[in-house]
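1. Let me see the structure of the following:
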Amino acid sequence: MVLLLAAAPLAAGPAKFSAEQAADPALFVKKNLSIDAKKMKKLGVKKLVILECYGEYVTSKEVTDSVASQRSAMHTAASQGRMFYNVKTQVDTLELDKDYYTNTSNRVYQAIKEVLEANGIEVISKEAVQQNEAYKAFNLEEEKAGRGVSSGVYKPTVVEKSQKISTTGLGLFPGPVQMIKVVMNLGEITHSLGADGFLQVNFKVDKDKTSKPVLEAFNVLLSADLRAQEVGFKGNKSMRYDCYTQWHPVVKLKNPLIATDEVLDGKKGPFNIEKYDAALMEMLYAVTDGIKAEILK
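-> Below is the predicted model of the structure:
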């Protein structure tokens, strides 16, 4: 009996970023972005507040042989009479100054703000958000370390470390448990700021083996359709505000993008931060330019 087993498809790597493609925003959007610009128009959104905007920057990856590879190495060692076998682990790092990460997040915030304003949507200032008593009470952090692990029988184990860095003046929303309290107050904060809804913007940056930046993700989430409801009992009633459209994906990067410009001086380096920054920002601005072109249709 012969069994035919279908092999699982290999995950596609990041698409090569093309400056020529980015020069045509409509083409760039078609190939790389999923944008639902109609949602804001349908809801009649005229004023928004950005309550969260951060970049997640991968700082290191530790890659260890898959379980299958380790078993194969063990069997080979046993067949050769050896008690020990090698397990390969590779560590790749790129940790830049925190100020650089903050500056990158700031530039993305500003770009998104300009996109909205170009479309006639007013954006509540970060200063107004910072002065909001309910928002201040959350005492949100502007940076947070992250750690993720992925593995499989036929896949290497990857331990990824990252830093989430927010734009200056805005904090990172907390984890699921603490987030419950935050969610309960987001409608009130949005209403008190005079906005029709709020946005959450996030993106993720990785790198390849030659330190070229990889834009892993870019997301813009919309919460809007703010409605008031009287709650409480006689003599102690108050108004509660809730967004009936919550976390709607307005923008999503379809697939990761990798820069094609070299960021090393020579084949083996050293690393050039100016080249890296230019390559990364070219991809990020291509995304925001694409959003602008789509929304302005």
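2. number of nearby residues for residue 101?
-> Other residues lying near residue 101 total 22 when counted by other Cβ atoms under 10 Å. The C-beta positions use only the backbone N, C-alpha and C, and glycine is treated the same way.
3. From the contact counts, what lies against the helix or strand harbouring residue 109?
-> Assignment of secondary structure by DSSP states H and E places residue 109 within helix 98-118. Contact here means 3 or more Cβ pairs under 8 Å, 6 or more residues apart in numbering; DSSP states H and E; on that basis helix 98-118 packs against strand 47-64, strand 122-124, strand 157-166, strand 197-207, helix 273-295.
4. If we use 6 Å, what do you get?
-> strand 47-64, strand 157-166, helix 273-295 (3 or more Cβ pairs under 6 Å, 6 or more residues apart in numbering; DSSP states H and E).
5. OK, contacts around residue 270?
-> By Cβ atoms under 6 Å, 6 or more residues apart in numbering, residue 270 lies in contact with nothing.
6. Quick one: closest of the helices and strands packed on helix 98-118 to residue 173.
-> Among those, strand 47-64 comes nearest to residue 173, with 5.6 Å by Cβ to Cβ.
7. In TSV: the helices and strands packed on helix 98-118, plus distance to residue 179.
-> TSV is the format used below for these (distance: least, Cβ to Cβ, whole Å):
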stretch	distance to residue 179
strand 47-64	11
strand 157-166	14
helix 273-295	26
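8. could you redo these as CSV and give each row mean pLDDT, mean neighbour count and distance to residue 76?
-> Shown next, in CSV, are the helices and strands packed on helix 98-118 (pLDDT from 0 to 100; neighbours: other Cβ atoms under 10 Å; distance: least, Cβ to Cβ, whole Å):
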stretch, mean pLDDT, mean neighbour count, distance to residue 76
strand 47-64, 90, 21, 18
strand 157-166, 86, 18, 20
helix 273-295, 95, 19, 41
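9. So which of the ones you listed is nearest residue 198?
-> The closest approach between residue 198 and any of the helices and strands packed on helix 98-118, judged by Cβ to Cβ, belongs to strand 47-64 at 4.6 Å.
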